[in-house]
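In: show me how the following folds:
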Amino acid sequence: MPPLVEIRGLSYSHPDGTRALSNVSLDLSEGENLILFGPNGSGKTTLLLQLNGTLTGAGEIKVAGMQVTAKNLPEIRRRVGIVFQEADEQLFMPTVLDDVMFGPLNLGWPLQKAEQRARQTLAAVGIQDELFSRPPFHLSSGEKRRVALAGVLVMEPQLLLLDEPTTSLDPPGQRALLQLLNTLPQAKIIATHDVHFASSLSKRAVFLEAGSIVADGDVKDVGRCFGWDPYA
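Out: Sure thing, here's the model as predicted:
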């Protein structure tokens with residue numbers, strides 16, 4: 001089978017001319033998890049934003065055989081769901097249920113179908129019924145993360161992009177998120193600094209430095225680029 005994601009010679013510079021990505025090429029198989037390691041400013045978030053067309057660089061990206069171009073963006077964004085580092089950036093509707101229904105309703109789903117699917121998805125990520133009518137900003141950090149993930153999963157994407165998913169989560173929240181992500185069948189690309197979290201999610205990682213991939217291999221070996229000893 002062809003890769004789910006194919007990236008060839010991807011480069012991108014910010015409007016001020018700063019080079020963020022330089023000749024990045026990689027493949028991701030259906031159902032595979034991939035970790036993005038690298039210091040702050042190495043290009044991890046920029047790479048994620050290229051995959052759903054939020055940013056556009058030079059080179060070629062294909063998702064499920066489709067080029068990421070303006071013409072294909074509606075279908076690409078249906079197949080590629082992104083959970084941002086700060087969940088508050090994604091939660092904006094009056095209630096939790098409204099937030100998760102927003103995507104399906106925007107696609108023209110009937111109200112009853114959208115609500116049913118939203119309720120099922122919220123239950124699947126561990127959000128209890130009593131929270132459905134609560135404003136998202138009243139939730140804990142872990143609950144916000146789960147609602148943001150539900151808002152992506154309700155669209156039934158093939159690929160999940162997660163940017164620093166453990167940000168603002170305490171250890172129990174991190175464990176709960178890890179357990180949840182390990183139950184999801186979708187391919188995932190996870191940008192993180194947390195090597196222990198990463199090694200529990202994936203066997204493969206790449207290391208980005210100054211916008212270039214400098215290592216691609218076993219997550220424990222690549223994690224050593226952080227000075228992490230997996231056997232310590």
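
In: residue 207: which element?
Out: strand 204-209 (DSSP states H and E).

In: what is the subsequent helix or strand relative to that strand?
Out: That would be, after strand 204-209 and using DSSP H and E, strand 212-218.

In: so for that following strand, mean pLDDT?
Out: Regarding strand 212-218, the rounded mean pLDDT is 94.

In: got phi/psi on the residue nearest to residue 19 when sequence neighbours are not counted?
Out: Nearest non-adjacent residue to residue 19, counting by C-beta to C-beta, 6 or more residues apart in numbering: residue 13, 5.1 Å away. All C-beta atoms are positioned from the backbone trio N, CA, C, and that covers glycine. Backbone torsions for residue 13, taken as degrees, to the nearest 10, come to phi -120, psi 140.

In: what are the contacting residues of stretch 199-216?
Out: 11-12, 19-26, 32-39, 42-44, 46-47, 178, 181-182, 188, 190, 198, 217-223, 225, 230 (C-beta atoms under 8 Å, 6 or more residues apart in numbering).

In: remind me which residues of the chain are low pLDDT?
Out: 226, 228-232 (pLDDT under 70).

In: redo that, cut-off 50
Out: The chain contains residues with pLDDT under 50 at 231-232.

In: what sits against the residue nearest the centre of it?
Out: Centroid-nearest residue in the chain: residue 161, 1.7 Å away (criterion: C-alpha atoms, centre = their mean). Neighbouring residues of residue 161 by C-beta under 8 Å, 6+ apart: 48, 51-52, 80-83, 188-190.

In: residue 8: how many residues sit nearby?
Out: Per other C-beta atoms under 10 Å, the neighbour tally for residue 8 reads 13.

In: what is the helix or strand that contains it packed up against?
Out: For residue 8, the element it lies in under DSSP H and E is strand 5-13. Judged by 3 or more C-beta pairs under 8 Å, 6 or more residues apart in numbering; DSSP states H and E, strand 5-13 is in contact with strand 19-28, helix 44-51, strand 58-63.

In: now the ones you listed as JSON lines including distance to residue 157 and mean neighbour count?
Out: Below are the helices and strands packed on strand 5-13 laid out as JSON lines (distance: least, C-beta to C-beta, whole Å; neighbours: other C-beta atoms under 10 Å):
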{"stretch": "strand 19-28", "distance to residue 157": "13", "mean neighbour count": "18"}
{"stretch": "helix 44-51", "distance to residue 157": "11", "mean neighbour count": "23"}
{"stretch": "strand 58-63", "distance to residue 157": "10", "mean neighbour count": "18"}
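
In: who wins for proximity to residue 145 among the ones you listed?
Out: helix 44-51 (16.3 Å; C-beta to C-beta).

In: hmm, who's touching the closest one?
Out: With C-beta under 8 Å, 6+ apart, helix 44-51 has contacts from 5, 7, 10, 12, 20-21, 24, 36-38, 55-57, 61, 63, 68, 80, 82, 85, 159, 161, 163, 189, 191, 208, 211.

In: quick one: that helix to strand 5-13, angle?
Out: 120 degrees (axes from the mean of the first three to the mean of the last three C-alpha atoms, to 10 degrees).

In: between helix 44-51 and strand 212-218, how big is the angle?
Out: Using the same axes, to 10 degrees: helix 44-51 against strand 212-218 is 90 degrees.

In: okay, the angle between helix 44-51 and strand 204-209?
Out: Using the same axes, to 10 degrees: helix 44-51 against strand 204-209 is 110 degrees.

In: may I have helix 44-51 as PDB, with CA atoms only?
Out: Taking Å, rounded to 0.1, in the frame of the first residue of the first chain, the C-alpha atoms of helix 44-51 are listed here in PDB:
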ATOM      1  CA  LYS A  44       7.900  20.800  14.600                       C
ATOM      2  CA  THR A  45       4.700  22.900  14.700                       C
ATOM      3  CA  THR A  46       5.500  24.400  11.200                       C
ATOM      4  CA  LEU A  47       5.600  20.900   9.800                       C
ATOM      5  CA  LEU A  48       2.300  19.900  11.400                       C
ATOM      6  CA  LEU A  49       0.600  23.000  10.000                       C
ATOM      7  CA  GLN A  50       1.800  22.100   6.500                       C
ATOM      8  CA  LEU A  51       0.000  18.800   6.600                       C
END
